[in-house]
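Enquirer: coords please:
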Amino acid sequence: MTAHLTLQSSQFVNLRVTFKNSPIHVLEKFTFKDIHKAHTAFTESGEIEECIILQTCNRVEIYGVGNNPQTDKITELWSNLIYVPIDEVKSNIIIDVGEEAIKHLAKLTSGLDSLVVGEDQILGQVKRSLEFSRKNKFSGQNLNVLFDKTIRIGSKVRTDTGINKGSISVGSMAVNLALEYFDEVNEKEILLIGSGEGATLIAKALKQRDIKFFISSRTFNRARSFSETVGGLPIPFEEALERLQKNTDMVFISTVAPYYLLTYDRMKDIMQHRDKGLMIFDLSNPRTVEDKIAELNKIKLVNIDQISEIVEKNVKKRKKEIQFAEKIIEQEIFLIRETLKRKSSEPVIVTIFKDADSIREKEFRKALSMIGDRIKEKDIKILEQFSYALVEGILATPMNNLRKEFSQKSVDNNELINLASKLFNYEKL
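Expert: Okay, the predicted model is just below:
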């Protein structure tokens with residue numbers, strides 16, 4: 001039976017679609033076009049009070065905290081937001097609850113759930129998702145604490161293991177694959193379309209190998225700004241399309257455009273003016289190169305699904321590091337569990353002590369009024385200290401035992417809270 005981690009009597013849930021269970025052309029259907037609207041919809045649904053959405057080219061994940069959230073209803077809302085039939089959503093998503101959800105998040109930040117095991121990119125993406133939700137008040141104390149802790153786990157795994165040594169990003173992997181197809185790459189004309197995070201990784205991989213390339217984007221100003229910070233020779237998009245007709249040997253595309261930049265008809269026309277072949281890497285999500293282009297002569301089209309063939313080799317090379325990382329995660333999850341268990345008991349215990357102190361104060365004042373002027377000021381202080389000590393002495397043992405019970409993995413915290421409410425007339429807020 002899976003243990004559930006409780007966050008101040010609330011439940012942590014994770015619903016996700018990733019490259020592991022869905023090919024990229026299916027995965028791209030699950031992305032939220034308006035991420036702010038999606039956060040708002042989930043937090044206003046009544047199922048979860050806090051929400052963080054992680055959306056990358058390889059995954060779409062929803063993290064939430066709520067009072068007994070119904071994942072079926074969250075799934076249905078996801079379906080409505082992206083206009084995908086509920087049956088298709090259910091057949092693609094993975095759902096984790098409680099401790100299993102936290103373990104997944106820890107593995108994710110540690111790079112164990114990435115397409116390239118140990119890559120560092122995901123840690124930055126998780127941080128940015130947290131910052132967005134925190135800034136816009138979609139996340140609160142519970143998710144902020146969990147994400148902060150798991151981000152630290154991810155950093156610790158990278159520091160204490162060699163899991164990210166020699167690891168490569170998806171962009172770098174694509175460049176390596178290109179090098180296998182071409183001899184004397186420095187003599188080839190390379191075009192990079194895009195100016196976001198994915199394009200940055202490709203540009204860095206090219207620059208590290210001293211490979212020159214052109215950079216283009218939807219606006220020339222964006223391409224020029226990109227070239228100044230990352231590299232490449234900026235050209236307008238129209239010129240990039242013209243160069244495809246004769247000069248370009250290789251194209252890397254990594255954008256978030258919601259339409260095809262390279263259509264079958266456009267590329268069919270372009271290839272009629274070319275004598276040499278063309279290699280295209282589409283690393284966009286959603287895809288920006290029409291799949292049918294692969295049917296054209298002299299074109300080699302590669303996407304993220306095909307690049308995933310290298311993943312197995314990457315995993316095997318890091319087997320020992322992965323095992324070490326998993327041990328670290330288990331130890332850290334144990335500490336998180338203990339922290340959250342203790343945290344969930346505090347509202348109960350604090351309230352019980354406050355109620356007891358209120359009774360102490362009332363009875364102490366009543367006793368003083370009965371004694372009247374027959375007692376000196378210093379004796380009043382002694383009696384008051386005695387009243388504090390009496391309450392503390394009576395409650396200390398049962399409260400410490402209650403804390404211990406809350407920290408037990410097999411104990412249902414809700415049952416303990418209900419028992420405490422009966423014994424001490426505690427009302428959960």
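Enquirer: show me where pLDDT drops low in this protein?
Expert: Residue ranges of the chain with pLDDT under 70: 1-9, 24-25, 166-168, 308-315, 317, 340-347, 407-414, 417, 421, 425-429.
Enquirer: Phi first, then psi, for Val116.
Expert: Phi and psi for Val116, reported as degrees, to the nearest 10, are phi -110, psi 110.
Enquirer: Counting neighbours, what do you get for it?
Expert: Number of residues near Val116 (other Cβ atoms under 10 Å) recorded here: 25. C-betas here are computed from N, CA, C, even on glycine.
Enquirer: In this structure it contacts Ser169, no?
Expert: Yes - shown here, Val116 and Ser169 form a contact pair, counting by Cβ atoms under 8 Å, at 6.4 Å.
Enquirer: Provide the contact partners of stretch 36-52 at residue level.
Expert: With contacts defined as Cβ atoms under 8 Å, 6 or more residues apart in numbering, stretch 36-52 is touched by 10, 13, 32, 53, 62-67, 69-70, 73-74, 77, 81, 129-130, 133, 136, 138-140, 142-143, 147.
Enquirer: And for stretch 177-188?
Expert: With contacts defined as Cβ under 8 Å, 6+ apart, stretch 177-188 is touched by Arg209, Asp210, Ile211, Lys212, Asp249, Met250, Met279, Phe281, Lys300, Val302, Ile307, Ile310.
Enquirer: first to last residue in that stretch, what's the distance?
Expert: Terminal residues of stretch 177-188 lie 15 Å apart, using Cα to Cα, to the nearest Å.
Enquirer: ok, back up a step: mark which of the contacts of stretch 177-188 are buried, thanks.
Expert: Ile211, Asp249, Met250, Met279, Phe281, Val302, Ile307, Ile310 (16 or more other Cβ atoms under 10 Å).
Enquirer: Looking at the residues you listed, which two lie furthest apart in space?
Expert: For the buried ones among the contacts of stretch 177-188, the farthest-apart pair by Cβ to Cβ is Asp249 and Ile310; their separation is 21.9 Å.
Enquirer: Please name every helix or strand in contact with whichever helix in the chain runs longest.
Expert: Criterion DSSP state H: the longest helix present in the chain is helix 319-371. If you count contacts as 3 or more Cβ pairs under 8 Å, 6 or more residues apart in numbering; DSSP states H and E, helix 319-371 packs onto strand 6-7, helix 99-109, helix 141-160, helix 377-407, helix 413-424.
Enquirer: nearest to Ala325, of these?
Expert: Of the helices and strands packed on helix 319-371, nearest to Ala325 by Cβ to Cβ is helix 141-160, at 4.6 Å.
Enquirer: Which other helices and strands does that closest one contact?
Expert: The contact analysis (3+ Cβ pairs under 8 Å, 6+ apart) places helix 141-160 against strand 10-18, strand 50-56, strand 59-66, helix 99-109, helix 121-135, helix 319-371.
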